[in-house]
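Enquirer: Model the structure of this input:
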Amino acid sequence: MKIKPLSNNIIIEAVKEEEKTKGGILLPQTAEKDRPQQGKVVAVGPGKTNSQGKVIPMSIKKGDTILFSKYGPHEIKVDNKDYLVLSQDDVLAIIE
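Expert: Okay, the predicted model is just below:
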């Protein structure tokens, strides 16, 4: 990937949704699906700069799987692959 996020931005790859419901019903490709809320971090920015000019380091690192707000990220396409860009403030949790 040839993109580096700035400030406290994070680039993530969305985790694919299950194609089967908990009851075992297979969902067709045409079924309307919600926007993903989980993703794997592929790149992080250096951190946010405070009012004194000091960079506050990121608490999220490359490789983390995160949970984020549904409508927080922006969709981008790089090298024909879809990614989501969001601020560290939009991250709800790190999934372990």
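Enquirer: Just give me the residue right at the centre of this protein.
Expert: In the chain, the residue lying closest to the centroid (C-alpha atoms, centre = their mean) is Ile12, at 3.6 Å.
Enquirer: does it count as helix, strand or coil?
Expert: Of the three states, Ile12 takes strand according to DSSP: H, G, I helix; E, B strand; the rest coil.
Enquirer: Low-confidence stretches in the protein?
Expert: Within the chain, the stretches with pLDDT under 70 are 1, 17-22, 26-36.
Enquirer: Name whatever forms a beta bridge with the residue nearest to the centre of the chain.
Expert: Val41, Leu84 (DSSP bridges).
Enquirer: Could you number the chain from 69 rather than 1 from now on?
Expert: In the new count, where the first residue is 69, that last one comes out as Ile80.
Enquirer: ok, it touching Val109?
Expert: Yes - in this structure Ile80 lies within contact range of Val109 using C-beta atoms under 8 Å: 5.4 Å. Yep, even glycine has a C-beta here, placed from its N, CA and C like the rest.
Enquirer: Quickly list what's touching both of the two.
Expert: Residues touching both Ile80 and Val109 (C-beta atoms under 8 Å, 6 or more residues apart in numbering): Ile134.
Enquirer: just so I have it, where are all the strands in the protein?
Expert: Assigned by DSSP state E, the chain shows strands spanning 77-82, 106-112, 116-117, 123-124, 133-136, 142-146, 149-155, 159-163.
Enquirer: For Lys72, grab the count of nearby residues.
Expert: Residues lying near Lys72 (other C-beta atoms under 10 Å) number 11.
Enquirer: One more: Ser155?
Expert: 17.
Enquirer: I'm done for today, thanks for sticking with me.
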